[in-house]
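> Quick check, what structure comes out for this input:
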Amino acid sequence: MAGYARQNGNTESKYSEYKSRGSVEGYSAGFYGTWYANEQDKTGSYVDAWALYNWFDNEVKGDQLATEKYKSRGVTTSIEAGYTFKLGERASDGVKYYLQPKGQLTWMNVRANDHTEHTSSGSSRVSFDGDGNIQSRLGIRAYANGHSDIDNGKDRKFQPFIEANWIHNTHNFGATMNGYSNSIDGTKNIGEVKVGLEGQLSRHLDLWGNVAQQMGDSGYSDTQAILGIKYRF
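Residues are numbered from 1 along each chain as shown. Alright, predicted model coming up:
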């Protein structure tokens with residue numbers, strides 16, 4: 001599998017009110033595999049694993065500062081296991097309902113290059129913390145699987161879902177400037193709620209999207225929206 005990603009962000013210091021803008025753009029390539037105890041309807045036990053090599057170009061621009069550019073490279077790997085229970089089926093249209101408890105371990109070993117920030121008063125050597133993090137995720141998903149009457153006889157089907165997760169990170173994410181470190185508070189243990197839709201448009205084409213809200217200690221909050229597409233050859 002292969003992917004492309006771009007992210008834009010803004011920050012503002014609550015002490016100095018200085019602002020910055022940043023972006024990350026890059027690619028990934030790797031492989032994945034999934035095993036189901038019941039291949040027919042995907043109920044029962046399953047195991048999913050994947051590994052990716054990632055390379056990104058990063059850019060940040062602070063108030064009254066020159067634009068800084070640096071690269072990041074590395075591997076991410078994951079293994080997930082769970083059990084899918086079929087709760088029932090609606091007789092009128094055949095829509096099936098499922099409940100899926102699951103757990104996941106992800107090794108995040110993408111490392112950013114150190115770089116030098118230049119200012120009018122001098123320069124600062126910047127390095128980043130957090131590579132080598134192992135993220136564990138425990139959660140439960142409820143979803144439905146079916147299609148409308150106009151799609152009878154076609155390969156098209158849709159799967160709306162909602163899930164709740166507890167996430168734990170072994171490393172703090174942050175930066176060190178000339179020996180002084182700052183990290184993002186509240187990311188050690190995170191609660192997450194996610195809603196979304198996964199759709200199979202044809203035998204070869206899948207489309208999915210979701211919105212997730214994360215909350216942690218020290219006022220940590222993160223909202224994400226993701227849209228994805230997959231083509232099977």
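
> can you give me the strands in this structure?
Counting by DSSP state E, one finds strands in the chain at the ranges 2-12, 19-36, 44-62, 68-89, 96-112, 115-119, 122-129, 133-145, 157-169, 174-177, 180-183, 189-200, 205-216, 221-231.

> which of the ones you listed has the lowest average pLDDT?
Mean pLDDT values for the strands of the chain show the minimum at strand 115-119, a mean of 77.

> how far off strand 122-129 does that strand point, in degrees?
Relative orientation of strand 115-119 versus strand 122-129 (axes from the mean of the first three to the mean of the last three CA atoms, to 10 degrees): 150 degrees.

> Mind listing the strands strand 115-119 pairs with, and their directions?
Using DSSP bridges, strand 115-119 pairs in its sheet with strand 122-129 (antiparallel).

> Name the residue most distant from the centre of this protein?
S121 (38.3 Å; CA atoms, centre = their mean).

> Who are the contact partners of it?
Residues near S121 by CB atoms under 8 Å, 6 or more residues apart in numbering: none. For the C-beta atoms, the positions are set from N, CA and C on the backbone; glycine is no exception.

> how much space between it and Q64?
S121 sits at a distance of 11 Å from Q64 (criterion: CB to CB, to the nearest Å).

> which residues sit against stretch 60-71?
Contacts for stretch 60-71 (CB under 8 Å, 6+ apart): 18-23, 55-59, 112-115, 117-120, 126.

> and if we set it to 6 Å?
Residues from elsewhere that reach stretch 60-71 (CB atoms under 6 Å, 6 or more residues apart in numbering): 18-22, 57-59, 113, 115, 117-118.

> returning to that earlier point: now render the strands of the chain as JSON lines, adding mean neighbour count.
Below are these laid out as JSON lines (neighbours: other CB atoms under 10 Å):
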{"stretch": "strand 2-12", "mean neighbour count": "10"}
{"stretch": "strand 19-36", "mean neighbour count": "14"}
{"stretch": "strand 44-62", "mean neighbour count": "16"}
{"stretch": "strand 68-89", "mean neighbour count": "15"}
{"stretch": "strand 96-112", "mean neighbour count": "17"}
{"stretch": "strand 115-119", "mean neighbour count": "13"}
{"stretch": "strand 122-129", "mean neighbour count": "14"}
{"stretch": "strand 133-145", "mean neighbour count": "16"}
{"stretch": "strand 157-169", "mean neighbour count": "16"}
{"stretch": "strand 174-177", "mean neighbour count": "14"}
{"stretch": "strand 180-183", "mean neighbour count": "11"}
{"stretch": "strand 189-200", "mean neighbour count": "16"}
{"stretch": "strand 205-216", "mean neighbour count": "15"}
{"stretch": "strand 221-231", "mean neighbour count": "11"}
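
> Distance-wise, check the closest residue to H204 other than its chain neighbours relative to M1.
Using CB to CB, 6 or more residues apart in numbering and skipping the chain neighbours, the partner closest in space to H204 is R232 (4.9 Å). Using CB to CB, R232 is found at 10 Å from M1.

> V47 now?
The gap separating V47 from M1 is 17 Å, by CB to CB.

> Ok, A66 next?
Distance, A66 to M1, using CB to CB: 37 Å.

> And D185, by the same measure?
Here D185 is placed at a distance of 34 Å from M1 (CB to CB).

> again with W107
For W107, the distance to M1 - CB to CB - is 17 Å.
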